[in-house]
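1. need coordinates for the following:
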Amino acid sequence: MRKKFIVLGALLAAFSLTKLNAQINFGDKAIGAVQKGVTGFTFSNADAAKLSKEAVDKLDSEHEIAGAADGYALRLNRVFGKHVSGEGFTLNYKVYKLKEVNAFATADGSVRVYSGLMDIMDDNELIAVIGHEIGHVANNDSRDAIRAAYQKEALMDGVSSQSATVATVTDSQLGKIGSAIVDSKFSRKQEAEADLFAYNFMKKNGYNVNAEESAFRILAKMSEGAQASFIDQMMSSHPDSQKRAEDAKKRAEKDGLYKPYVQQKIVNTVPPATTTKKAATTTKKAATTKKTTTKKK
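-> Residues are numbered from 1 along each chain as shown. Next up, the predicted model:
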């Protein structure tokens, strides 16, 4: 499945070179046909949320997800679990145990973060990236992206193109829509607006806004080195990391908040305190059992 996503990401990235302003790029011919074939088509926020949830549920079933006691899940919940609501949507978080450097958020509020991203970014940098993804949801970019994905599948599979409502999709279509969600392409304007959303989110909640610049510097540096293959997916859907790092720096300078960011320690393991607590609980239970058994004798 990982290789499939990478191949799809490369193909979609190639399409994006000829149509940078498309939200999801399927080629001019396909887009034109879709636009012509869905006259009168409506797609509400509720439709987007429902379809997004179905597609993400399928993705969840196909990936290894960090369990509640996993270090990655514990860290994500600690870092971002307090932020569970947005305008018109409720956020839910999960970690995919994959080496790819990626994260995405969908119209229903599902946020999925790859462990590969958590391996290279500290808490503040992670907040910047997740904040950016949530920005796409808040700005309705995610809704428009899944609408485009649905339209493409409706056209390709012959779903009633003149229908004014969303038809039920097949399991195969959900798989394709899920892949499109992971590899969503947004316009430069949409990306800039999502970056601004992340910056404002961090500033409002008292986080170090300079971590946004740092996060983009990391991606830009990795894209030039031997680790580039690990971030092909994220870079194809989030281009111009170097420029976006500069833009983040300018925002912080304008607000009088700029200071070169120093990455903090990254810990994706179960905290020692949690481990100790579990061990103490196990010991206590064992002692209680032994005491009870002795008493019965």
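2. what helix or strand is K203 on?
-> Taking DSSP states H and E as the definition, one finds K203 inside helix 188-204.
3. can you pull the buried residues of that helix?
-> 190-191, 193-199, 201-203 (16 or more other Cβ atoms under 10 Å). C-beta here means a position set from N, CA and C on the backbone, and glycine is covered the same way.
4. can I get those in TSV including pLDDT and distance to D255?
-> TSV is the format used below for the buried residues of helix 188-204 (pLDDT from 0 to 100; distance: Cβ to Cβ, whole Å):
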residue	pLDDT	distance to D255
Q190	94	23
E191	93	21
E193	96	18
A194	96	19
D195	96	15
L196	97	12
F197	97	15
A198	97	14
Y199	98	9
F201	96	14
M202	97	11
K203	97	7
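5. kindly reformat those as TSV containing distance to S52.
-> Rendered in TSV, the data for the buried residues of helix 188-204 read as follows (distance: Cβ to Cβ, whole Å):
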residue	distance to S52
Q190	17
E191	20
E193	20
A194	17
D195	22
L196	23
F197	19
A198	20
Y199	25
F201	21
M202	25
K203	28
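6. coming back round to it: next SSE after the helix holding K203?
-> Going down the chain from helix 188-204, the next helix or strand is helix 210-222, by DSSP H and E.
7. packing partners for that following helix?
-> Counting contacts by 3 or more Cβ pairs under 8 Å, 6 or more residues apart in numbering; DSSP states H and E, helix 210-222 is packed against helix 123-138, helix 188-204, helix 241-254.
8. adding distance to G81, write these out as a markdown table.
-> Formatted as a markdown table, the entries for these read as follows, by distance: least, Cβ to Cβ, whole Å:
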| stretch | distance to G81 |
| --- | --- |
| helix 123-138 | 11 |
| helix 188-204 | 15 |
| helix 241-254 | 24 |
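9. to I218, which of the ones you listed lies closest?
-> I218 sits nearest to helix 123-138 of all the helices and strands packed on helix 210-222, at 7.0 Å, using Cβ to Cβ.
10. what's the angle from the closest one to helix 241-254?
-> Orientation check (axes from the mean of the first three to the mean of the last three Cα atoms, to 10 degrees): helix 123-138 against helix 241-254 gives 100 degrees.
11. distance of E224 from A103?
-> Per Cβ to Cβ, to the nearest Å, E224 is found 21 Å from A103.
12. more crowded one of the two?
-> Regarding E224 and A103, a neighbour count based on other Cβ atoms under 10 Å identifies A103 as having more, with 24 against 9.
13. check contacts around the closest residue to that one other than its chain neighbours.
-> Nearest in space to A103, with sequence neighbours left out and distances taken as Cβ to Cβ, 6 or more residues apart in numbering, is V113 at 4.5 Å. The neighbours of V113, taking Cβ atoms under 8 Å, 6 or more residues apart in numbering as the test, are 76, 93-96, 103, 126, 130.
14. how many other residues sit next to S214?
-> Burial of S214 is recorded as 21 neighbouring residues (other Cβ under 10 Å).
15. spatially nearest residue to it, not counting backbone neighbours?
-> Leaving aside its chain neighbours, S214 sits nearest to Y261 (4.1 Å; criterion: Cβ to Cβ, 6+ apart).
16. just the element for that neighbour, please.
-> When the helices and strands are read off by DSSP H and E, none of them contains Y261.
17. for it, list the residues it contacts.
-> Y261 makes contact with 124, 208, 210-211, 213-214 under the criterion Cβ under 8 Å, 6+ apart.
18. what distance do you get for it to E125?
-> Taking Cβ to Cβ as the criterion, Y261 is separated from E125 by 8 Å.
19. quick revisit: can you tell me which of the contacts of V113 has the most neighbours?
-> By neighbour count, taken as other Cβ under 10 Å, the most surrounded of the contacts of V113 turns out to be V95 (27 neighbours).
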